[in-house]
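Engineer: Sequence first, then the predicted structure, then my questions.
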Amino acid sequence: MRFSDTLLRQVRDRVSIADYAGKRLTWDKRKSRPSAGDYWACCPFHQEKSPSFHVLDQKGIFNCFGCGEKGDVFTLAMKLEGLNFPEAVEKIAEYAGVPLPKDDVEDRGQDDRRKRLLAITAHTAKLYKDALRSSGGADARKYLQSRGISAEVCEQFGIGLAPDEWTWTLDKLKAEGYSIDEIIDAGVAREGFEGKPPIDTFRGRVTFEIHDTSGKVIGFGGRALAKDAKAKYINSPESALYSKSRVLYRLKQARELLARTKAPGLVVGEGYLDVIAFERAGIAAVAPCGTAPQPLC
Ligand SMILES: [Zn+2]
């Protein structure tokens, strides 16, 4: 998407860079003068003990006297959150409450559809997390503990449990008012075998949320809990939300880590658990979703 100068100016004028930066940095109380829109913090882009990261709110700019990083609120969002320019504009526009123009009506229809499917995957993610914490999640928790994954890590990385039932997810989502077609389109249920009724995509599996670059849940990876399962790992099917050839597991977080650590590159792990281990160690890592050879874990 291309943005007009007018639109960029509108977004820039509407958002306070100090407000946006202040959500991520701690202002130095002694050096900052909020009444003048003059803020100082320790720089997020280099190691330091005394603040040389300067924000001038009225001008909408930042400048680090230590490492030389500087720019406007879009540059800051790109660097802090590891976004490309269009993503940064979208992020800040949303933050500022400035609607971005839509190309045409058909686009809007697709947008509504996409929002609906995203609501389904988001709700499913919550269901799976709750299921892992419930009494029925004991076996899954035991497996995860054996892999060094605590309850906090499950929460942080969006790990859950799809119970070993045919229509558990479907029933819960239908009760929320979603149609069977929508649930199938979102990839969390599928047509039944040989004309039988639809069933859940993930059954009896530990689930790993897969996010897009803005952090929304677009699909899941599932690891079988039963030792004799036909496929140890499965992923969401191709859908309007999820395309395995275009998605990398934990890409958003890896970009953020790269931006913060200034590491020269990222690690490509073999499976979800590898990536989680790397990320917890402060190393930016991603994994392909389903196109790689079977993970060894
Ligand atoms: Zn700096």
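Structural biologist: Done, it's in. Numbers count the residues shown, from 1 in each chain.
Engineer: Could you list the residues in contact with stretch 196-204?
Structural biologist: 128, 162-170, 180, 183-184, 187-192, 220, 222, 224-226, 229, 234, 236-237 (C-beta atoms under 8 Å, 6 or more residues apart in numbering). (Each C-beta comes from the backbone N, C-alpha and C, glycine too.)
Engineer: Can you give the distance from it to the centre of its chain?
Structural biologist: Mean C-alpha position of stretch 196-204 versus that of the full chain (C-alpha atoms, centre = their mean, to the nearest Å) differs by 25 Å.
Engineer: quick one: buried residues of it?
Structural biologist: Residues of stretch 196-204 classed as buried by neighbour count (16 or more other C-beta atoms under 10 Å): 198-204.
Engineer: Please apply the same query to stretch 114-124.
Structural biologist: 117-121, 123-124.
Engineer: secondary structure element for the residue nearest the centre of the chain?
Structural biologist: The centroid of the chain falls nearest to G215 when counting by C-alpha atoms, centre = their mean (2.1 Å). Secondary structure assigned from DSSP states H and E places G215 in neither a helix nor a strand.
Engineer: Which residues are in contact with the closest residue to the ion within the stretch 151-297 of the chain?
Structural biologist: Ranking the residues of the stretch 151-297 of the chain by distance to the ion (C-beta to the ion) places K262 first, at 10.5 Å. Residues counted as contacts of K262 (C-beta under 8 Å, 6+ apart) are F45.
Engineer: From C64, how far off is it?
Structural biologist: Taking C-beta to C-beta, to the nearest Å as the criterion, K262 is separated from C64 by 13 Å.
Engineer: Common neighbours of those two, please.
Structural biologist: Shared contacts of K262 and C64, defined by C-beta under 8 Å, 6+ apart, comprise F45.
Engineer: what about D5, neighbour count?
Structural biologist: Other residues within reach of D5, judged by other C-beta atoms under 10 Å, total 7.
Engineer: Looking at it now. What's its pLDDT?
Structural biologist: What the model reports for D5 is a pLDDT of 83.
Engineer: try P237
Structural biologist: With respect to pLDDT, P237 scores 92.
Engineer: So G97 sits against R14, correct?
Structural biologist: Yes. With contacts counted by C-beta atoms under 8 Å, G97 reaches R14, the gap being 7.1 Å.
Engineer: So which residues of the chain form helices?
Structural biologist: Using DSSP state H, the helices found in the chain span residues 5-14, 17-22, 73-81, 85-96, 105-133, 138-146, 151-157, 168-175, 180-185, 251-261, 272-280.
Engineer: now the ones you listed as CSV including distance to K59?
Structural biologist: Formatted as CSV, these follow (distance: least, C-beta to C-beta, whole Å):
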stretch, distance to K59
helix 5-14, 10
helix 17-22, 9
helix 73-81, 11
helix 85-96, 16
helix 105-133, 34
helix 138-146, 49
helix 151-157, 37
helix 168-175, 48
helix 180-185, 46
helix 251-261, 23
helix 272-280, 36
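Engineer: closest one to V55 among the ones you listed?
Structural biologist: V55 lies closest to helix 17-22 among those, at 5.2 Å (C-beta to C-beta).
Engineer: So for that closest one, what gets flagged as buried?
Structural biologist: Buried residues in helix 17-22, defined by neighbour count with 16+ other C-beta under 10 Å: 17-18, 20-22.
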